[in-house]
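Student: Whatever this is, show me its structure:
(one chain, ligands or ions: 1)
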Amino acid sequence: MKKLLDVIIQNNRHYTEEGSVASYIPELEKADKNALGICVVTLDGEEYFAGDYETKFTIQSISKVISLMLALLDNGREYVFSKVGMEPTAETFNSISNLETRNPHKPLNPMINSGAIATVSMISGQDSNEMFGRILKFARKITGNPSLNLNEDVYLSEKATGHRNRSLAYFMKSTKVIEQDVEEVLDVYFKQCSIEATCRDIARIGAMLANDGILPWTGERVIPRNVARIVKTIMVTCGMYDASGEFAVNVGIPAKSGVGGGILTAVPKRMGIGVVGPSLDKKGNSIGGVKVLEELSRELDLSIF
Ligand SMILES: NC(=O)CC[C@H](N)C(=O)O
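Tutor: Just a heads-up that it's a prediction; the model follows:
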């Protein structure tokens, strides 16, 4: 496995030249454009690494998977999906247009910004500190990494410039999708996006999902099987934003990307995979990361379809 991963990273590193790092959150521009790394965590607890696997990145939209799990645990499926839909989108991840035209009462799905902000608003807690505290605690548990933390500079950078997200949130307040204080909800959203990780951390979340909600390295159940199933299904249909269909054809596994360059994937019954490559394609997915996953999926026959 280790050899295969080394070769795949080598074969695909050149793609990083064709993309660019995210710059609309100013702090993200500091990322290393040519970094490309991978970690595979199998369900028997083995971990394999290749390339720039030690590269740290903020999880950005990958956090949407974490808050969806927590919102489902806190509220149950009926309530969560009364506020946010389950349908894929052909628009960009921060699109505002569907909010009014498609269904003014709920954002399309929990993997785009509007849907994730609505999802975050359903997480229990008195204020933003308590809500984010619960997200971080849960994230530490499912990564097995007690030192997982916020990147303060990215958080402040996004908070200062996140006007598009603010407009999505205030629109949803007007339609009563969001019932809480908008600024508190946004603060939690900006913070969860700014959690800093390595590809090992996200591979471990993938392995837990692949293992139907049980941490492979301790045997502990952290989410019910049904929650794992729902989350993986939403990842397949919506996790790569408006490139989810193409990714399903070319790779064929539940995945969630973030503009920090990470992609979390869960291969049911087999493994979790985390990749990092901050150079992004036009839709905001790691350009090298997607290519690495395509080759790995072909080599190991990982597609679920
Ligand atoms: N696609 C992403 O990773 C988007 C997350 C980012 N924090 C944003 O809200 O714009």
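Student: When you work out contacts or count neighbours from here on, use the C-alpha atoms and nothing else.
Tutor: Will do.
Student: separation between the most centrally placed residue in the chain and the ligand?
Tutor: What sits nearest the mean C-alpha location of the chain, by CA atoms, centre = their mean, is residue 62, with 1.4 Å. Remark: distance between residue 62 and the ligand (CA to the nearest ligand atom, to the nearest Å) = 7 Å.
Student: Repeat that for residue 197.
Tutor: Using CA to the nearest ligand atom, residue 197 is found at 14 Å from the ligand.
Student: before we move on, what about residue 176?
Tutor: Remark: distance between residue 176 and the ligand (CA to the nearest ligand atom) = 21 Å.
Student: What residues does that residue make contact with?
Tutor: residue 105 (CA atoms under 8 Å, 6 or more residues apart in numbering).
Student: Is it in a helix, a strand, or coil?
Tutor: The local conformation at residue 176, judged by DSSP: H, G, I helix; E, B strand; the rest coil, is coil.
Student: Ramachandran angles for the residue nearest to the centre of the chain?
Tutor: phi -60, psi -30 (degrees, to the nearest 10).
Student: Which pLDDT value does the model give it?
Tutor: Listed pLDDT for residue 62 reads 98.
Student: mind checking how far it is from residue 97?
Tutor: 23 Å (CA to CA, to the nearest Å).
Student: Do a quick rundown of the strands in this structure.
Tutor: 37-42, 47-51, 57-58, 149-150, 195-197, 255-257, 262-267, 271-276 (DSSP state E).
Student: and those strands as a markdown table, adding mean pLDDT and mean neighbour count?
Tutor: Formatted as a markdown table, the strands of the chain follow (pLDDT from 0 to 100; neighbours: other CA atoms under 10 Å):
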| stretch | mean pLDDT | mean neighbour count |
| --- | --- | --- |
| strand 37-42 | 98 | 28 |
| strand 47-51 | 98 | 20 |
| strand 57-58 | 98 | 26 |
| strand 149-150 | 98 | 18 |
| strand 195-197 | 98 | 22 |
| strand 255-257 | 98 | 30 |
| strand 262-267 | 98 | 30 |
| strand 271-276 | 98 | 30 |
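Student: which residues sit against the lowest-mean-pLDDT helix or strand in the chain?
Tutor: The weakest-scoring helix or strand in the chain, judged by mean pLDDT, DSSP states H and E, is helix 97-101 (a mean of 84). Helix 97-101 is contacted from outside by 91, 105, 106, 107, 108, 114, using CA under 8 Å, 6+ apart.
Student: Most widely separated two among those residues?
Tutor: 91 and 105 (17.7 Å; CA to CA).
Student: re earlier: any of the contacts of helix 97-101 buried? List them.
Tutor: 105, 106, 107, 108, 114 (16 or more other CA atoms under 10 Å).
Student: just curious, which of these is nearest to the ligand?
Tutor: residue 114 (8.9 Å; CA to the nearest ligand atom).
Student: Contact partners for the closest one?
Tutor: Here residue 114 is in contact with 94, 95, 96, 99, 107, 165, 168, 169 (CA under 8 Å, 6+ apart).
Student: 10 Å instead?
Tutor: 84, 93-96, 98-99, 106-108, 164-169, 171-172 (CA atoms under 10 Å, 6 or more residues apart in numbering).
Student: which bits of the stretch 101-250 of the chain sit near the ligand?
Tutor: Residues of the stretch 101-250 of the chain lying near the ligand by CA under 6 Å from any ligand atom: 113, 193.
Student: ok, the residue lying closest to residue 112 once chain neighbours are set aside - how many residues close by?
Tutor: Using CA to CA, 6 or more residues apart in numbering and skipping the chain neighbours, the partner closest in space to residue 112 is residue 93 (4.8 Å). Residue 93: 20 surrounding residues under other CA atoms under 10 Å.
Student: just checking, residue 93 touches residue 107?
Tutor: No - applying CA atoms under 10 Å as the test, residue 93 and residue 107 come out as separate, 11.4 Å apart.
Student: so what sits against both of these two?
Tutor: 113, 114, 115.
Student: The last one contacts residue 89, doesn't it?
Tutor: No - between residue 115 and residue 89 no contact is recorded; they are 11.3 Å apart, counting by CA under 10 Å.
Student: Now do the shared contacts for those two.
Tutor: With CA under 10 Å, 6+ apart, residue 115 and residue 89 have common neighbours 108, 109.
Student: So those two - more neighbours on which side?
Tutor: residue 115 (28 against 20).
Student: could you redo the contacts of helix 97-101 as a markdown table and give each row pLDDT and distance to residue 249?
Tutor: Output for those, formatted as a markdown table (pLDDT from 0 to 100; distance: CA to CA, whole Å):
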| residue | pLDDT | distance to residue 249 |
| --- | --- | --- |
| 91 | 85 | 19 |
| 105 | 77 | 31 |
| 106 | 90 | 28 |
| 107 | 94 | 25 |
| 108 | 93 | 22 |
| 114 | 96 | 26 |
